[in-house]
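Visitor: below is the sequence, then the predicted model.
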Amino acid sequence: MAHFIVTTEKTLAEGLAKLFRDHVWKLYRLPESIISDRGVQFAAGMMKKVNNLLGIQTKLLKWQMKGRRLEKLIEHFVGPYKIKGIVSSNAIELELPKTIKIHPVVNVSRV
């Protein structure tokens with residue numbers, strides 16, 4: 001799904017973050033992907049501003065980490081996690097570590 005917002009070329013990352021929060025996030029929450037013609041640094045900067053506006057703490061991984069240590073770190077944030085129970089025909093409850101502050105019930109399409 002695409003969502004277009006009228007703006008000017010002079011709008012900076014903070015301004016776009018506010019537009020995103022006010023017009024997109026309130027309807028769809030966080031995106032699965034972002035397409036930008038302004039470059040990686042701009043898109044990352046804008047998402048950092050969005051996170052700040054939403055009270056989300058941004059912590060970036062250092063990809064210089066090697067081997068098993070990186071794999072364990074990715075496992076912690078991405079999974080796999082055990083299914084604790086079936087809530088309905090399209091929702092399950094995951095067994096998540098206490099450090100992950102998200103709701104454990106997810107749609108089966110996300111698993």
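Guide: Looks like it arrived, so ask away. Numbering: from 1, shown residues only.

Visitor: which helix or strand contains residue 26?
Guide: For residue 26, the host element (DSSP states H and E) is helix 26-28.

Visitor: got the domain boundaries for this structure?
Guide: Following automatic domain parsing, the chain resolves into domains at 13-54, 67-110.

Visitor: contacts only, for residue 51.
Guide: Residue 51 sits next to 57, 58 when contact means C-beta atoms under 8 Å, 6 or more residues apart in numbering. Where C-beta positions appear, they are placed from N, C-alpha and C, glycine not excepted.

Visitor: and it, what element?
Guide: Here residue 51 sits within helix 40-54, counting by DSSP H and E.

Visitor: ok, back up a step: next, the buried residues of the helix holding residue 26.
Guide: Going by neighbour count (16 or more other C-beta atoms under 10 Å), nothing in helix 26-28 comes out as buried.

Visitor: can you check stretch 48-56 too?
Guide: Neighbour counts over stretch 48-56 (16+ other C-beta under 10 Å) mark 48, 49, 50 as buried.

Visitor: count the neighbours of residue 91 for me.
Guide: Residue 91 is flanked by 14 other residues according to other C-beta atoms under 10 Å.

Visitor: roughly how far does it sit from residue 28?
Guide: According to C-beta to C-beta, to the nearest Å, residue 91 and residue 28 sit 19 Å apart.

Visitor: for the most centrally placed residue in the chain, helix, strand, or coil?
Guide: Compute the mean C-alpha point of the chain, and by C-alpha atoms, centre = their mean the closest residue is residue 30, 5.6 Å away. Here residue 30 is coil, with the state taken from DSSP: H, G, I helix; E, B strand; the rest coil.

Visitor: what about stretch 81-96, start to end distance?
Guide: End-to-end distance of stretch 81-96 (C-alpha to C-alpha, to the nearest Å): 6 Å.

Visitor: okay, the helix holding residue 51 in PDB with CA atoms only?
Guide: What follows is helix 40-54, C-alpha atoms only, in PDB (Å, rounded to 0.1, in the frame of the first residue of the first chain):
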ATOM      1  CA  VAL A  40      20.100   5.700   3.100                       C
ATOM      2  CA  GLN A  41      21.300   8.300   5.700                       C
ATOM      3  CA  PHE A  42      18.300  10.500   5.200                       C
ATOM      4  CA  ALA A  43      15.800   7.600   5.500                       C
ATOM      5  CA  ALA A  44      17.600   6.300   8.600                       C
ATOM      6  CA  GLY A  45      17.700   9.800  10.100                       C
ATOM      7  CA  MET A  46      14.000  10.200   9.500                       C
ATOM      8  CA  MET A  47      13.100   6.900  11.100                       C
ATOM      9  CA  LYS A  48      15.300   7.800  14.100                       C
ATOM     10  CA  LYS A  49      13.200  11.000  14.400                       C
ATOM     11  CA  VAL A  50      10.000   9.000  14.100                       C
ATOM     12  CA  ASN A  51      11.200   6.700  16.800                       C
ATOM     13  CA  ASN A  52      12.000   9.700  19.100                       C
ATOM     14  CA  LEU A  53       8.500  11.200  18.400                       C
ATOM     15  CA  LEU A  54       6.900   7.800  19.300                       C
END
